[in-house]
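Participant: Attaching a predicted model along with its sequence, questions to come.
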Amino acid sequence: MDCLCVLPFLGEIFELKAELNSDKKEKKKEAVKKVIASMTVGKDVSALFPDVVNCMQTDNLELKKLVYLYLMNYAKSQPDMAIMAVNTFVKDCEDPNPLIRALAVRTMGCIRVDKITEYLCEPLRKCLKDEDPYVRKTAAVCVAKLHDINAQLVEDQGFLDTLKDLISDSNPMVVANAVAALSEIAESHPSSNLLDLNPQSINKLLTALNECTEWGQIFILDCLANYTPKDDREAQSICERVTPRLSHANSAVVLSAVKVLMKFMEMLSKDLDYYGTLLKKLAPPLVTLLSAEPELQYVALRNINLIVQKRPEILKHEMKVFFVKYNDPIYVKLEKLDIMIRLASQANIAQVLAELKEYATEVDVDFVRKAVRAIGRCAIKVEQSAERCVSTLLDLIQTKVNYVVQEAIVVIKDIFRKYPNKYESVIATLCENLDSLDEPEARAAMIWIVGEYAERIDNADELLESFLEGFHDESTQVQLQLLTAIVKLFLKKPTETQELVQQVLSLATQDSDNPDLRDRGYIYWRLLSTDPVAAKEVVLAEKPLISEETDLIEPTLLDELICYIGTLASVYHKPPSTFVEGGRGVVHKSLPPRTASNESVESPETAPAGTASNEQPDVIPTQGDLLGDLLNLDLGPPVSGPPLATSSVQMGAVDLLGGGLDSLIGGPNFVAPPAAAVPANLGAPMGSGLSDLFDLTSGVGTLSGSYVAPKAVWLPAMKAKGLEISGTFTRHVGSISMDLQLTNKALQVMTDFAIQFNRNSFGLAPAAPLQVHAPLSPNQTVEISLPLNTVGSVMKMEPLNNLQVAVKNNIDVFYFSTLYPLHILFVEDGKMDRQMFLATWKDIPNENEAQFQIRECPLNAEAVSSRLQSSNIFTVAKRNVEGQDMLYQSLKLTNGIWVLAELRIQPGNPSFTLSLKCRAPEVSQHVYQAYETILKN
């Protein structure tokens with residue numbers, strides 16, 4: 001049967017072959033059309049390759065296009081035959097018709113066959129310098145395609161330099177394609193500085209921007225977004241010339257223009273009149289995007305979500321455009337809701353609440369749920385509206401619609417957390433709906449409310465007991481919440497609920513196979529059995545207030561996503577590195593440094609990441625957070641009472657610290673660091689008299705001062721018109737200094753010195769002006785110690801410890817960058833107590849652990865501990881396992897980041913193994929370098 005199907009097609013091939021070799025041009029053209037038609041529907045017509053290639057020798061443009069199309073499709077499967085076409089390419093690249101020249105060069109770029117690539121270099125070189133701009137723009141794209149096939153060949157042939165020259169071309173489309181090609185190549189080689197942008201080339205790009213096609217404009221705008229202007233005046237000038245693109249009909253051009261403006265606004269002072277004008281100009285194009293089809297609206301809304309988080313003032317008067325329309329698809333509705341909450345303020349809250357109440361009566365369940373949640377978020381965000389929001393939620397509960405009631409209870413729990421002792425009168429209404437709750441999150445929220453306010457609910461024990469009946473059928477979230485709520489109830493009404501608490505502890509510890517539930521059960525059981533007073537302090541501790549917005553994107557990630565407006569990253573709200581696979585390097589982008597005059601006015605949402613702040617916002621524990629109710633759980637004050645047997649506590653089967661976690665806080669192999677005596681109750685488990693183990697060395701460590709590197713030349717005289725700057729960094733008794741040596745190697749006197757730092761990863765900034773008390777004469781050297789603090793502006797640098805410095809004198813301003821050693825940021829109170837160390841080590845994910853080797857270090861454990869302590873790396877505990885010394889150490893950076901370390905030292909072996917754990921794993925490499933520096937010097 002198969003043979004019968006194939007035979008007619010073989011006959012067709014034979015007929016086509018005859019037609020392709022016909023002398024009549026029309027017949028030949030029709031035959032090629034038939035071949036292309038067969039190829040399009042998936043038939044294999046590769047057997048006709050030589051016959052089709054013979055048809056290339058024609059003046060007919062339509063026929064030539066068809067043959068080239070066939071060639072692109074089959075050249076890879078017939079590389080030896082494809083070489084036959086090379087002569088025709090070379091010939092077509094010199095054809096008098098520019099369309100044929102461009103067609104030839106375009107096809108050359110699409111034939112991905114290594115064998116013939118080298119034959120195509122000469123024709124491509126000619127086309128790059130062709131007199132016709134259409135040919136030049138096509139050749140520019142061909143270079144990028146050729147680079148993808150054979151990068152080395154393109155570099156050797158000098159095509160990249162020719163591409164760079166095309167940026168200065170007189171034709172705007174050639175410029176746009178050259179930029180697109182260079183950007184494409186630069187993406188696959190992030191380290192190469194192909195797009196070496198300077199004010200002159202930027203000016204050429206801006207000139208071309210007005211005249212090229214819409215896709216050319218996008219390429220140029222994306223290229224502009226990668227440029228960092230030298231000052232705010234240049235940034236403003238570029239913004240002024242880009243702003244007209246906001247009124248373009250193509251939404252991609254609009255978003256690319258918005259990206260450029262959002263980036264460069266960072267450099268503009270908020271006091272400038274132009275800054276306010278720019279804010280007003282940004283709103284209308286964003287609003288216009290919302291009148292497009294739903295798919296475009298969704299992309300626009302995802303981008304607007306980022307923009308509103310960065311600069312809410314842009315759209316603060318445009319709330320109405322985000323009101324949901326009846327015919328919006330669900331994905332658009334949900335995005336609009338999100339933005340409405342972000343823009344909600346005291347001025348517009350009445351409007352917003354009226355809308356949300358209406359949405360809560362819609363038929364779409366997902367939308368209604370989100371609308372009810374949004375009402376709760378409004379209450380938390382705008383305090384003045386809280387009462388009205390609670391009243392609205394109660395009205396919704398009265399509707400008795402199951403999913404509405406459940407969502408309302410979940411958000412009311414958060415309102416109680418935000419405004420304690422204010423709205424508890426509604427608890428009775430909530431309790432009436434207890435039987436209708438069937439979703440884990442709603443049940444958990446209701447249980448939390450009953451446990452938290454048990455003293456106000458007469459039948460709290462009966463309510464919780466009703467949940468307890470089906471304990472093993474509940475989800476983990478509900479089981480954990482029920483356990484905590486009953487313990488709270490017991491602590492508030494101990495005489496009435498003793499049996500209930502014993503029942504839940506038994507269910508959690510003996511009848512459950514969930515490790516989280518068992519662990520929490522054991523913690524409560526031991527707390528209650530050893531010291532109920534301590535248990536009360538821990539379990540009934542005052543909760544921190546929750547913050548206004550808990551779903552804001554982390555500021556450094558937000559800054560990076562702003563640089564990707566108009567791309568997939570801005571729709572996913574994830575940086576490209578998380579979803580782009582393959583060999584192409586993904587460069588992490590960041591916003592340009594903000595000008596000094598712009599630092600003072602920062603909204604809470606846009607404060608730079610990592611900025612030191614005394615008031616860290618607390619957040620609602622995320623759904624399923626198994627430590628939700630244990631946020632404040634600590635071991636409490638030391639407990640008296642008879643010591644329990646060590647074996648009574650199961651510390652878990654996994655040994656994260658490499659040899660028995662329990663031994664870190666007591667055990668047979670435990671050895672205290674030399675600064676302290678060994679406590680008597682060494683084998684006692686946690687919670688049974690650990691007062692002596694809480695701190696091995698009183699105080700914060702020795703003050704002998706950390707290691708200081710010798711001065712290095714940071715700015716050579718030849719680069720700074722005769723001024724040579726050498727320096728190093730020191731830390732002494734909590735103070736950081738930059739020790740500078742200024743040498744005048746010029747022939748004139750230097751005066752009026754000043755210094756400024758760019759934003760950096762840890763906010764390093766001069767704490768005082770640069771004091772050079774006398775003019776610096778020729779050949780004179782002066783030593784200065786510049787005090788530093790860490791309250792400057794923060795921006796993540798690459799590498800992390802990079803510091804960019806500007807020094808001014810009467811001659812000029814000079815710039816240099818240097819790497820500061822991270823140990824100058826290790827603070828004096830970086831010693832963690834042992835229980836906290838143990839808990840933190842377990843809490844930090846295993847993927848955050850990094851391991852390093854420190855080689856050729858002949859010190860013993862005592863010397864290592866002592867030397868590291870002088871640089872504020874503190875030994876928390878020390879053990880000896882099978883002749884190997886294990887040091888457990890902690891350090892804290894000036895921005896509050898803790899780093900935990902395990903250092904393994906084999907006596908007689910000069911190589912040590914260092915394991916580091918930290919919630920910010922990017923600092924681990926630099927901490928390891930600090931260890932190396934301190935131990936080897």
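Facilitator: Looks like it arrived, so ask away.

Participant: pLDDT weak spots in the stretch 1-150 of the chain?
Facilitator: Within the stretch 1-150 of the chain, the segments meeting pLDDT under 70 span 1-11, 80, 115.

Participant: surely G792 meets L764?
Facilitator: Yes: using Cβ atoms under 8 Å, G792 is in contact with L764, at 6.1 Å. Heads up, the C-betas are built off the backbone N, CA and C, glycines and all.

Participant: what residues are shared contacts of these two?
Facilitator: Between them, G792 and L764 share these contacting residues under Cβ atoms under 8 Å, 6 or more residues apart in numbering: F757.

Participant: For these two, indicate the residue with more neighbours.
Facilitator: For G792 and L764, the more surrounded residue by other Cβ atoms under 10 Å is L764, and the numbers stand at 26 against 21.

Participant: Contact partners for that one?
Facilitator: Neighbouring residues of L764 by Cβ under 8 Å, 6+ apart: 736, 757, 788-790, 792, 803, 820.

Participant: Out of the residues you listed, who's the most crowded?
Facilitator: Among the contacts of L764, the one with the most neighbours (other Cβ under 10 Å) is L788, at 24 neighbours.

Participant: Next secondary structure after the helix or strand of the chain with the lowest mean pLDDT?
Facilitator: Across the helices and strands of the chain, mean confidence by mean pLDDT, DSSP states H and E is lowest for strand 670-671: a mean of 35. Downstream of strand 670-671, the first helix or strand assigned by DSSP states H and E is strand 712-715.

Participant: next SSE after that following strand?
Facilitator: For strand 712-715, the following helix or strand on the C-terminal side (DSSP H and E) is strand 723-732.

Participant: Partner strands of that following strand and their direction?
Facilitator: Strand pairing for strand 723-732, determined by DSSP bridges: strand 712-715 (antiparallel), strand 735-744 (antiparallel).

Participant: Could you export these to CSV, including columns for distance to A877 and mean pLDDT?
Facilitator: Formatted as CSV, the strands paired with strand 723-732 follow (distance: least, Cβ to Cβ, whole Å; pLDDT from 0 to 100):
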stretch, distance to A877, mean pLDDT
strand 712-715, 37, 92
strand 735-744, 29, 92
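
Participant: most neighbours per residue, which of those?
Facilitator: Compared across the strands paired with strand 723-732, strand 735-744 shows the largest average neighbour count, a mean of 19 (mean count of other Cβ atoms under 10 Å).

Participant: Now tell me what touches the following helix or strand past that one from outside.
Facilitator: Following strand 735-744 in sequence order, the next helix or strand is strand 754-757 (DSSP H and E). By Cβ under 8 Å, 6+ apart, the residues outside strand 754-757 that reach it are 596, 764-766, 769-770, 786, 792, 803-809.

Participant: Spatially central, which residue of this protein would that be?
Facilitator: Closest residue to the average C-alpha location of the chain: L557 at 3.7 Å, with Cα atoms, centre = their mean.

Participant: Check which helix or strand that residue maps to.
Facilitator: Using DSSP H and E, L557 sits in helix 555-562.

Participant: Next: I784.
Facilitator: Assigning secondary structure by DSSP H and E places I784 in strand 781-789.

Participant: Centre of the chain to that strand, how far?
Facilitator: On the basis of Cα atoms, centre = their mean, to the nearest Å, strand 781-789 sits 36 Å off its chain's mean C-alpha point.

Participant: what do you get for stretch 362-371?
Facilitator: Chain-centre distance of stretch 362-371: 31 Å, with Cα atoms, centre = their mean.

Participant: List the buried residues of it.
Facilitator: When burial is assessed from 16 or more other Cβ atoms under 10 Å, stretch 362-371 yields the following buried residues: 367-371.

Participant: which secondary structure elements does the strand or helix carrying K28 contact?
Facilitator: K28 belongs to helix 25-40 when assigned by DSSP H and E. Contact analysis of helix 25-40 by 3 or more Cβ pairs under 8 Å, 6 or more residues apart in numbering; DSSP states H and E lists helix 2-20, helix 61-74 as its packing neighbours.

Participant: Double-check that T875 belongs to a strand.
Facilitator: Yes: using DSSP: H, G, I helix; E, B strand; the rest coil, the assignment for T875 is a strand.

Participant: what residues does the helix holding K28 touch?
Facilitator: Around helix 25-40, the neighbours that count as contacts under Cβ under 8 Å, 6+ apart are 12, 16, 19-20, 22, 45, 48, 52, 55, 58, 60, 62-63, 66-67, 69-70, 73.

Participant: next helix or strand past it?
Facilitator: Sequence order places helix 49-54 as the next helix or strand after helix 25-40, per DSSP H and E.

Participant: mind listing what's buried in that following helix?
Facilitator: Using 16+ other Cβ under 10 Å as the test for burial, helix 49-54 gives 49, 51-54.

Participant: what does that helix contact?
Facilitator: 16-17, 20-21, 32, 35, 67, 70-71, 74, 78, 81, 84-85, 88.

Participant: Which of those are buried, as a ChimeraX select command?
Facilitator: This is the ChimeraX syntax for the buried subset of those, where burial follows 16+ other Cβ under 10 Å:
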select :16,17,20,32,35,67,70,71,74,78,81,84,85,88
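
Participant: between the contacts of helix 49-54, which is closest to Q481?
Facilitator: Nearest to Q481, judged by Cβ to Cβ, of the contacts of helix 49-54 is Y74 at 65.3 Å.

Participant: Tell me, how many residues neighbour the nearest residue to the closest one once chain neighbours are set aside?
Facilitator: Excluding its sequence neighbours, the residue lying closest to Y74 (Cβ to Cβ, 6 or more residues apart in numbering) is S46, at 5.0 Å. Residues within reach of S46, counting by other Cβ under 10 Å, total 14.

Participant: and the gap between S46 and M84?
Facilitator: According to Cβ to Cβ, to the nearest Å, S46 stands 14 Å off from M84.

Participant: and what of A208?
Facilitator: Look at A208 and M84: by Cβ to Cβ, they are 40 Å apart.
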